[in-house]
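1. My questions are about this predicted structure, shown below with the sequence.
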Amino acid sequence: MEQLSQDSSAQHDNPLSRSRSLLLGVVAGVLAGLFGVGGGVILVPGLVWLARLPQHQAHATSLAAIIVTAPAALAPFAAEGDVAWPAAAALAAGAVLGAVGGAGVMSRIPAGTLRRIFGGFMLLVAARLVASASGTGAAEEAALAVTTGAIVGLAVTGLVTGLLSALMGVGGGIVMVPAMVIGFGFDQHLAQGTSLAVIVPTAVIGAWRHTRRGYTRWSIGLLVGAGGVLGGLAGAGLAQLLPARELQIAFAGLLVVSGVRLIRKRPAAAGVARE
């Protein structure tokens, strides 16, 4: 595995890969700010196609980039008071445990299978985005009412989020945002800000666990994350101005294209066999 990492480093650390990685980070950062997600649904296929990383390394390196990108996207939401910190703590408690378990599971899945699972995951996310209602339901005050049942429910949601985060290389906002809006009555902006607050520690745990197995390419991940800082700040600003419904549909279309390409991609072109 160490030899694979050394060979990959020689292959990928070139000016073209750096410029593409930076641009990829900007795009993922914009999406993180717009939708309250980590950006992994763009980062993972982007790292495979642009940076030419093997599938397992792409999932792990995506989390390294999210560690840098998510705080930048979070800052404007926190400044506006759009973060429910008690709810974020409950979600994070479950997410950290889930991230540890998910990282262990990923190392046992062949690259081709992991690629198809992620492609299917993207298609499911696209379907949810198209089907979701444009309204957010309850007011912000309802989301701030912390009960024992709500804390347990949020912790369980966090556990599922952490598993998906480490396994799929995503921040988990795709799960948390709709869960908070539909299941707990959060305002859309409050849900997105709270999601970003949880994504940071979840990505840290996932990337650290993957690093121990030799999957995380920190040099590329941090470079992508640097681009994500700019994109995250811009996306969070745009989130307050652009119609959410139209953005969701456009994002869903992008997920469908990326998901189908991942599912149909031949194993030899994916870049790595099971290690």
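-> Received the coordinates, thanks.
2. Strands of the stretch 101-250 of the chain, start to end?
-> Applying DSSP state E, counting those that start in this stretch to the stretch 101-250 of the chain gives no strands.
3. Which parts of it are helices?
-> 111-131, 140-143, 148-168, 173-178, 184, 188-212, 218-239, 244-264 (DSSP state H, counting those that start in this stretch).
4. Now tabulate those helices in JSON lines and tack on mean pLDDT.
-> Below are the helices of the stretch 101-250 of the chain laid out as JSON lines (pLDDT from 0 to 100):
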{"stretch": "helix 111-131", "mean pLDDT": "77"}
{"stretch": "helix 140-143", "mean pLDDT": "43"}
{"stretch": "helix 148-168", "mean pLDDT": "83"}
{"stretch": "helix 173-178", "mean pLDDT": "78"}
{"stretch": "helix 184", "mean pLDDT": "85"}
{"stretch": "helix 188-212", "mean pLDDT": "87"}
{"stretch": "helix 218-239", "mean pLDDT": "88"}
{"stretch": "helix 244-264", "mean pLDDT": "73"}
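5. Same list (those helices) but as JSON lines, adding distance to residue 20 and mean neighbour count.
-> (C-beta placed from N, C-alpha, C; glycine too.) As requested, the helices of the stretch 101-250 of the chain are exported to JSON lines (distance: least, CB to CB, whole Å; neighbours: other CB atoms under 10 Å):
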{"stretch": "helix 111-131", "distance to residue 20": "20", "mean neighbour count": "19"}
{"stretch": "helix 140-143", "distance to residue 20": "39", "mean neighbour count": "15"}
{"stretch": "helix 148-168", "distance to residue 20": "22", "mean neighbour count": "21"}
{"stretch": "helix 173-178", "distance to residue 20": "24", "mean neighbour count": "26"}
{"stretch": "helix 184", "distance to residue 20": "39", "mean neighbour count": "20"}
{"stretch": "helix 188-212", "distance to residue 20": "21", "mean neighbour count": "26"}
{"stretch": "helix 218-239", "distance to residue 20": "9", "mean neighbour count": "23"}
{"stretch": "helix 244-264", "distance to residue 20": "16", "mean neighbour count": "16"}
